[in-house]
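J.: sequence unknown, structure follows:
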C-alpha cells in the first residue's frame, strides 16, 4: 500500500520530483524519524508522530536532491550522506549508487541496514571525501553533503557530459552557498549558485550515554568531590577556567533563564577575562543583529544616531538591563584603552523591519540604483514588517505569494556587487542584514510547519552568523557566544534531538570540535524576570525549587551555595562523568515562566557531561534589573544604544 501521508509531507516542504516522491513511497516509515534510533526513544512512535519528527537532515538532503533535478540514470556518486532512507530512495532511481564514507563504523551500519531492506545496488568505500570514486566514473549525478571550500577538478571530471554535481561551498562570510555544476563538454562546466535554508553537518560526535542508575548519594558525593566552590560572582575562580578553556576558538556561555542576574554577571566576568587574557575579539549574543549593531558602534566609540531605538521589542529586559549595561560600559572603556579591539554582535533573526531599513540606508549612501532595487525587492514584505507572523500565515494559507525569491535576489545582488561596494565593515553589516531578511522571511513561514523546523532555521542562522564573523575578521579571530543553555549546549545530548531539533551548540561541537568550550548554568530557586505569556508585561517571579529527579536537585543536595563543575573528559573525572551520564531532567526558563505547568513547560531530559564542558551552579539566584527611568545613570548620552535618555 502506498504511503500518501509521506508524499504529502515531502510535497509540503517543496519536493516535487516524481521519481523521488515515488521512491520515498516504498520505504519503511520508521526510517524517516530520528526517534527510531535515538537514545531517548522509549516507545514505538505512531505514523503521525514519525511524520511530525522527520529527521531534519533527511529533509535537507531531499531538498538538495530536488535542486539536483535527478533523473533515471546509470550511476550516482554520493559523498557524506549517512542517511539510510535517502540512500534507499536513490537505489530505486539509479542502477548503481556509489557511496564514499570516511568512517568504517558508519559504513558498516549503512551496509547492514540496506541489506536488511533488500537493497543490493549500493556500494560503499572508505576514502577521503574529496577523491570521489574514479574507478566507477563517469556518473550521471554527484551529490555531496560535506561542506567544501572549492570543488576539485578530480570530482568534476567524474561527471558524465550533461551530468550535474551539487555541493555546499564554504566556509565564507557569505554563509553556505550551494553550487550546482553541470559538465557541458570535456573541458567546460556551467556553474549555478543558490543559498538554501541551512546545511546540517553529519552527527559524527555522538554523546556518551549511560544506562546504569547510580544512587543519588553516590552522584552527590562525586559532584562535591569535583565542585570548585566560590563565594560570589566577583570571586569566581577564573584562572582555573581559563586554563581549562585553553586554546579554544569559541567559548559558549549559557544561561538557564533569560532573566537571572547571576548568569549574566558571571558570564560577563568570564568574558572580560577571555578578552583581557586570551585576546578574544567579540561577543556574539542571542540578540537581533540590527539591535546589537547599536551596541557595537557604541563600544567601538563610533556612536551613530538612528531614527529608531534598539531593544524596544518584547522581551526588552533580556538585553536592556543593568547587568548588560555594566558590561557595555566596561567594553567601551576597554576599547578606548586598546584601539577598539573588541565588538558586540547579534546572532538572532527577529529584527526584520530594522534590517530592511539598514540595508536600504546603507545603499542610499553608496549606490542609488541598488538602493532603488532594494526598495523594489523588499516591497512585497514591507507591509507586514510590524507583524511578520501575519505574512507567514497568509503565504501558507495561499492568500498571497511568497516574497522569498525577490528577497533572495537582493541578497545575491549585494554579493555580486561586493567588489564594487568595497569590502568595508559597513558593507559586511549590510550583507548580514540582508541575510537576516532572507532567514526571517523563511522563519515566519516555518513557524506554521512546527517548532522543530522554525527552531532549526533560527539556530542555523545564528551558527552561520558566528561563522561569518570569524571568517570576515580573520583566521586568528576568537568569539564568545552568549545564549540560553538550550542553544549553546550540545542538542545531541538532550531530548531536543529526539524532537528533530539541533542547535548552535551541536553545530559548534561538530565544526570546531575541541576548539569550542561550552559552559552551562543552573539554579535551584530564587527569583527571575519573565512574562507569563509572549508579549505580556514582565514580572519578577519566584522560581520554584527544582524537581527531585533533576540535575538541579542533585546540585542543590550538595549544600554548596555556588560552584563551578568541570565536565570535559579527563582521567581525574572518569567517575564523575560516569555517574552523571545517565539522563536526568534539566530546567530551562526562557522569557516566559509558567510555574503551574513547570514540568511540562520547563524541563527536558539531558546528559550533562556530553551537553556541556563546564557547569556553573547557584543554589539561589535573583532576577536581572531591567533599565527604567529610576534605574539609569543620568549621565548616559542621547545616542546610547539603550536609548534611555530623551534630552
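T.: Right, received. Where do you want to start? Nothing here was measured: the structure is a model prediction, and the numbers come from that model.
J.: what about residue 537, neighbour count?
T.: The criterion is other CB atoms under 10 Å. On that basis, residue 537 has 8 neighbouring residues. Where you see a C-beta, it was placed from the backbone N, CA and C, and this is true even at glycine.
J.: following the lowest-mean-pLDDT helix or strand in the chain, which helix or strand comes up?
T.: When the helices and strands of the chain are compared on mean pLDDT, DSSP states H and E, helix 47-52 comes out lowest with a mean of 44. Tracing the chain C-terminally past helix 47-52 and defining elements by DSSP states H and E, one meets helix 56-68 next.
J.: who does that following helix touch, helix- and strand-wise?
T.: helix 18-25, helix 84-91, strand 139-144, strand 159-169, strand 177-183, helix 451-472 (3 or more CB pairs under 8 Å, 6 or more residues apart in numbering; DSSP states H and E).
J.: mind running it again at 7 Å?
T.: With contacts taken as 3 or more CB pairs under 7 Å, 6 or more residues apart in numbering; DSSP states H and E, helix 56-68 sits against helix 84-91, strand 139-144, strand 159-169, strand 177-183.
J.: Poorly predicted segments of this protein, please.
T.: In the prediction, the chain carries residues with pLDDT under 70 at positions 1-6, 28-57, 170-176, 196-206, 304-307, 422-423, 448-451, 629-639, 643-647.
J.: Point to the residue nearest the middle of it.
T.: With distances taken as CA atoms, centre = their mean, the residue of the chain nearest its centroid is residue 459 (2.6 Å).
J.: Show the contacting residues for residue 370.
T.: Counting by CB atoms under 7 Å, 6 or more residues apart in numbering, residue 370 touches 363, 413, 417.
J.: Please state the backbone phi and psi of the last one?
T.: Taking degrees, to the nearest 10, you get phi -100, psi 20 for the backbone angles of residue 417.
J.: isn't residue 380 right next to residue 406, touching?
T.: Yes - taking CB atoms under 7 Å as the contact criterion, residue 380 and residue 406 are neighbours in contact, 5.6 Å apart.
J.: Pretty sure residue 220 sits against residue 556.
T.: No - in terms of CB under 7 Å, residue 220 does not count as a neighbour of residue 556; the distance is 9.4 Å.
J.: ok, residue 557 - contacts?
T.: When the contact criterion is CB under 7 Å, 6+ apart, the partners of residue 557 are residue 220.
J.: for stretch 420-429, the distance to its chain's centre please.
T.: 25 Å (CA atoms, centre = their mean, to the nearest Å).
J.: and if you look at stretch 456-470?
T.: Taking the mean of its C-alpha atoms, stretch 456-470 sits 6 Å from the chain's own mean (CA atoms, centre = their mean).
J.: repeat for stretch 616-625
T.: Put simply, stretch 616-625 sits 26 Å off its chain's centre (CA atoms, centre = their mean).
J.: just stretch 145-162 next, same as before
T.: 28 Å.
J.: Please apply the same query to stretch 129-148.
T.: Computed by CA atoms, centre = their mean, the separation of stretch 129-148 from the middle of its chain amounts to 28 Å.
J.: go on, stretch 11-31?
T.: For stretch 11-31, the distance between its averaged C-alpha position and the chain's averaged C-alpha position is 27 Å (CA atoms, centre = their mean).
J.: Now do the buried residues in it.
T.: Using 16 or more other CB atoms under 10 Å as the test for burial, stretch 11-31 gives 13, 15, 17, 19, 20, 21, 23, 24, 25, 27, 29, 31.
J.: before we move on, back to that, nearest to residue 392, of the helices and strands packed on helix 56-68?
T.: For those, distance to residue 392 was read as CB to CB. The smallest value, 23.8 Å, belongs to strand 177-183.
J.: rewinding a little: which residues sit in contact with the residue nearest to the centre of the chain?
T.: Applying CB under 7 Å, 6+ apart, we find residue 459 in contact with 487, 502, 503, 504.
J.: so the second one touches residue 491, yeah?
T.: Yes - using CB under 7 Å, residue 502 is in contact with residue 491, at 5.0 Å.
J.: Name the nearest of the buried residues of stretch 11-31 relative to residue 180.
T.: Set against residue 180, the nearest of these by CB to CB is residue 17 (14.3 Å).
J.: The closest one reaches residue 67, doesn't it?
T.: No - distance between residue 17 and residue 67: 9.8 Å, which falls outside the contact criterion (CB under 7 Å).
J.: about what we covered before: need the helices and strands packed on helix 56-68 in JSON lines (columns: distance to residue 293 and mean neighbour count).
T.: Shown next, in JSON lines, are the helices and strands packed on helix 56-68 (distance: least, CB to CB, whole Å; neighbours: other CB atoms under 10 Å):
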{"stretch": "helix 84-91", "distance to residue 293": "40", "mean neighbour count": "24"}
{"stretch": "strand 139-144", "distance to residue 293": "35", "mean neighbour count": "25"}
{"stretch": "strand 159-169", "distance to residue 293": "27", "mean neighbour count": "19"}
{"stretch": "strand 177-183", "distance to residue 293": "24", "mean neighbour count": "18"}
